[in-house]
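J.: Structure here, sequence nowhere to be found:
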């Protein structure tokens, strides 16, 4: 393993530079590694250089220019397009002779294009493994393609060189290792770019598992599958999970995105064999509203999905992360609240509340006029209002989502939150969220200690919870945090919060 990577890192002045801006250092650019793996004889002239969106654009430009590369390829996504635009503008201004090539979903749907495209020399739409290599060959031979926009070629999976040799030792030690056993999706959910796929195709299983074994032997222990529908083909899913079970140790974790209504007994049997903290599932529920599901062409058996999620949460030791989307066409605040409550009742460890974003090229854009979908013009193009949802409601749910991450998904208040949520989790947490925002005027930078004082003061003064059970639950939660000091001393600092909330209540009732 890593022979090719070692060869390309020995090059002192690459001709081709593959780069992107990851959202965090822990994320590795999987697409770039595919491009590198499939450059063939050009590999020795190429180099990978990854940044994050938090790096200064001028510093990134300096490093790119210092590399000496003549061709620089950027992967552009919804989460990095703003920062990539700054980098590309600076790069082309400082050194215009550098050839900039863009690829990725954010630039693949011309004429619906971001500003960064106007600064680039070439854009590759869609798959780039073969098309990027051909473009580089032309450019290095002093030839020009006939058009600056190049349609990517769909290459049979068996003809692709897998990218796993291009995970370095540092990646394996410090980063999430992304892998894929299949590509594409057979479903046509209108909000997702996978709706453009014709079907899902799998890599040859033996070939794929050989690559996984190589990563494991190198020390990789954190595998995140990016397959949209990991459990579409049950026989393959079972073999892959058994592969990791055979290599299970205290450090190994595997993450799969699964279809919630497809969990036959064969898959359940192997799921039950995984020890605690080793298996993570991501389930895209998105909505339980049948009318919304029909409108966005989402085929999902809700009863079976709920049974399967409940089974995983109650009988297995897997960690369940479930997603909901607010702002879909036809959705309402009441309808979304009902979906949230149905999901909460299944007791997943995490519920990720997302606000609908406009993805370039997604079929849902055809519903924009009818449902009066108004999106932010700024990335990530979050919906601002719809025919059935006001701007204020979207703002409230956005704050709800952030506070839910802090107080619920963190697992920090397992004993205290049930006292608040009771019979209607969405209603009560929305009230908590609204009140908390009145107190803090922020959804960020709330320290762990302050979370406890806020939880105490709000639940006592606004929600009238009784002192004794509240303190008992908070103490149990506080004891698991590792915080120094005593909770009762910390709570003495809450007078200011209590007075503020009491005044707010008086204003509302006065």
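T.: Sure, I can see it. Computed from a predicted structure; not experimentally measured.

J.: measure residue 466 to residue 223 for me?
T.: Computed as CB to CB, to the nearest Å, the residue 466 to residue 223 distance reads 46 Å. In short, each C-beta sits where N, CA and C put it, glycine included.

J.: Tell me how many other residues crowd residue 380.
T.: The burial metric for residue 380, expressed as a neighbour count using other CB atoms under 10 Å, is 16.

J.: Make residue 1 into 10 and carry on from there
T.: Got it, first residue is 10 now, which makes that one residue 389.

J.: Can you point out the helix or strand that includes it?
T.: Under the criterion DSSP states H and E, no helix or strand holds residue 389.

J.: Also residue 291?
T.: If you go by DSSP H and E, residue 291 is part of strand 288-295.

J.: Go through the next helix or strand after that strand and flag the buried ones.
T.: Past strand 288-295, further along toward the C-terminus, the next helix or strand under DSSP H and E is helix 299-304. Under the neighbour-count criterion of 16 or more other CB atoms under 10 Å, helix 299-304 has 301-302, 304 buried.

J.: ok, now stretch 197-211?
T.: With the criterion 16+ other CB under 10 Å, stretch 197-211 contains buried residues 198-206, 209, 211.

J.: repeat for stretch 63-82
T.: Applying a neighbour-count criterion of 16+ other CB under 10 Å, one finds 64, 66, 69-70, 73, 76, 78-82 buried in stretch 63-82.

J.: chain center to it: distance?
T.: Computed by CA atoms, centre = their mean, to the nearest Å, the separation of stretch 63-82 from the middle of its chain amounts to 26 Å.

J.: Same check on stretch 321-340?
T.: 14 Å.

J.: Determine how far the last residue of that stretch lies from the first.
T.: End-to-end distance of stretch 321-340 (CA to CA, to the nearest Å): 28 Å.

J.: Check stretch 71-84 too.
T.: As for stretch 71-84, its first-to-last residue distance stands at 18 Å under the measure CA to CA.

J.: Show me what the mean pLDDT comes to for it.
T.: Here stretch 71-84 scores 98 as its mean pLDDT.

J.: With stretch 28-45 instead?
T.: Averaging pLDDT along stretch 28-45 gives 97.

J.: Return the set of buried residues in it.
T.: If you call a residue buried by 16+ other CB under 10 Å, then stretch 28-45 has these buried ones: 28-31, 36-45.

J.: wait, residue 182 sits on residue 229?
T.: No. With contacts counted by CB atoms under 8 Å, residue 182 stays clear of residue 229, the gap being 9.2 Å.

J.: More neighbours: those two, which one.
T.: Here residue 182 and residue 229 are compared on neighbour count by other CB under 10 Å; more neighbours surround residue 229, at 22 against 11.

J.: Secondary structure of the more buried one: a strand, I assume?
T.: No. For residue 229, which was evaluated using DSSP: H, G, I helix; E, B strand; the rest coil, the result is coil, with no strand membership.

J.: what's the spacing between it and residue 37?
T.: Looking at residue 229 against residue 37, where the rule is CB to CB, the gap reads 11 Å.

J.: shared neighbours, these two?
T.: With contacts taken as CB atoms under 8 Å, 6 or more residues apart in numbering, residue 229 and residue 37 have 176, 186 as neighbours in common.

J.: What is the strand holding residue 291 packed up against?
T.: Applying 3 or more CB pairs under 8 Å, 6 or more residues apart in numbering; DSSP states H and E, we find strand 288-295 packed against strand 262-267, helix 311-324, strand 328-335.

J.: and that strand with helix 311-324, angle?
T.: Following axes from the mean of the first three to the mean of the last three CA atoms, to 10 degrees, one obtains 150 degrees for the angle between strand 288-295 and helix 311-324.

J.: Buried residues in strand 288-295, which are they?
T.: 288-295.

J.: Stretch 251-264 too?
T.: Under the neighbour-count criterion of 16+ other CB under 10 Å, stretch 251-264 has 252-254, 261-264 buried.

J.: distance between the ends of that stretch?
T.: One end of stretch 251-264 sits 14 Å from the other (CA to CA).

J.: what's next to it, contact-wise?
T.: The list of residues contacting stretch 251-264 from outside it, by CB under 8 Å, 6+ apart, reads 218, 221-222, 225, 230-234, 250, 279, 282-284, 286-291.

J.: So how do I select the buried members of those residues in PyMOL?
T.: Of these, the buried ones go into a single PyMOL selection, burial set by 16+ other CB under 10 Å:
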select buried, resi 218+221+225+230+231+232+233+234+250+279+283+287+288+289+290+291
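
J.: continuing past the helix or strand of the chain with the lowest mean pLDDT, what's the next helix or strand?
T.: Within the chain, no helix or strand scores below helix 12-19, which has a mean of 42 by mean pLDDT, DSSP states H and E. Next along the chain after helix 12-19, taking DSSP H and E as the criterion, comes strand 25-31.
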